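K.L.:
Please find the sequence and the predicted model below.
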Amino acid sequence: MSRIDWLGLGHLCMGALSAASLFVVALLQLCIPWLAPAEPLLPFVLIAGFSAMLGVVFGGLYVATGVGLGARAPWSRVAALLLSGMSIGSMPFGTLLGAASLLTLLDEDVAHEFR
């Protein structure tokens with residue numbers, strides 16, 4: 001497997017991790033009103049829905065980018081660079097994937113594979 005294939009696999013795993021973690025956050029947000037019944041339900045439902053939506057969107061972006069990297073699609077290099085810039089502050093997995101993606105995809109030899 002080449003470095004680009006490993007990055008594709010990393011983006012697939014990050015997509016699954018993003019979707020799963022934000023789904024868990026959404027479930028926990030829905031449990032809070034039952035722990036403190038005096039709180040209004042609507043804000044928690046809205047936050048939970050927003051968290052779940054973010055998980056689906058970012059998880060889908062990471063998965064699509066991972067598949068594109070594996071296929072050497074030209075758009076996937078740009079998408080991976082954008083996602084890497086956004087995820088580099090997400091400790092620890094986003095930082096590792098973001099730094100590895102930036103170092104690999106900015107290399108001229110690797111960039112040539114996407115043309």
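P.N.:
That came through, no problem. Because the structure is predicted, anything quoted here is derived from the model rather than measured.

K.L.:
okay, CA-based contacts and neighbour counts for the rest of this
P.N.:
Fine.

K.L.:
who touches stretch 74-90?
P.N.:
With contacts defined as Cα atoms under 8 Å, 6 or more residues apart in numbering, stretch 74-90 is touched by 62, 65-66, 68-69, 94-99, 101-102, 105, 111, 114-115.

K.L.:
Can you flag the buried ones in those residues?
P.N.:
Neighbour-count burial (16 or more other Cα atoms under 10 Å) is assigned, among those, to 62, 65-66, 68-69, 94-99, 101-102, 105, 114.

K.L.:
Who's the closest spatial neighbour of Ala111, skipping the chain neighbours?
P.N.:
In space, and not counting its chain neighbours, Ala111 is closest to Leu105: 6.2 Å by Cα to Cα, 6 or more residues apart in numbering.

K.L.:
Counting neighbours, what do you get for Ala73?
P.N.:
Residues lying near Ala73 (other Cα atoms under 10 Å) number 15.

K.L.:
For the residue lying closest to it once chain neighbours are set aside, give me its contacts.
P.N.:
Nearest non-adjacent residue to Ala73, counting by Cα to Cα, 6+ apart: Phe114, 6.3 Å away. Phe114 is in contact with Arg72, Ala73, Pro74, Arg77, counting by Cα under 8 Å, 6+ apart.

K.L.:
can you list those residues in JSON lines and add pLDDT?
P.N.:
Listed next are these as JSON lines, based on pLDDT from 0 to 100:
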{"residue": "Arg72", "pLDDT": "93"}
{"residue": "Ala73", "pLDDT": "93"}
{"residue": "Pro74", "pLDDT": "92"}
{"residue": "Arg77", "pLDDT": "93"}
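
K.L.:
which of those has the most neighbours?
P.N.:
Arg77 (24 neighbours).

K.L.:
Which helix or which strand is home to that residue?
P.N.:
helix 74-87 (DSSP states H and E).

K.L.:
where does the longest helix belonging to the chain sit relative to the chain's centre, distance-wise?
P.N.:
Ranked by residue count and defined by DSSP state H, the top helix of the chain is helix 3-35. Distance of helix 3-35 from the chain centroid (Cα atoms, centre = their mean, to the nearest Å) equals 8 Å.
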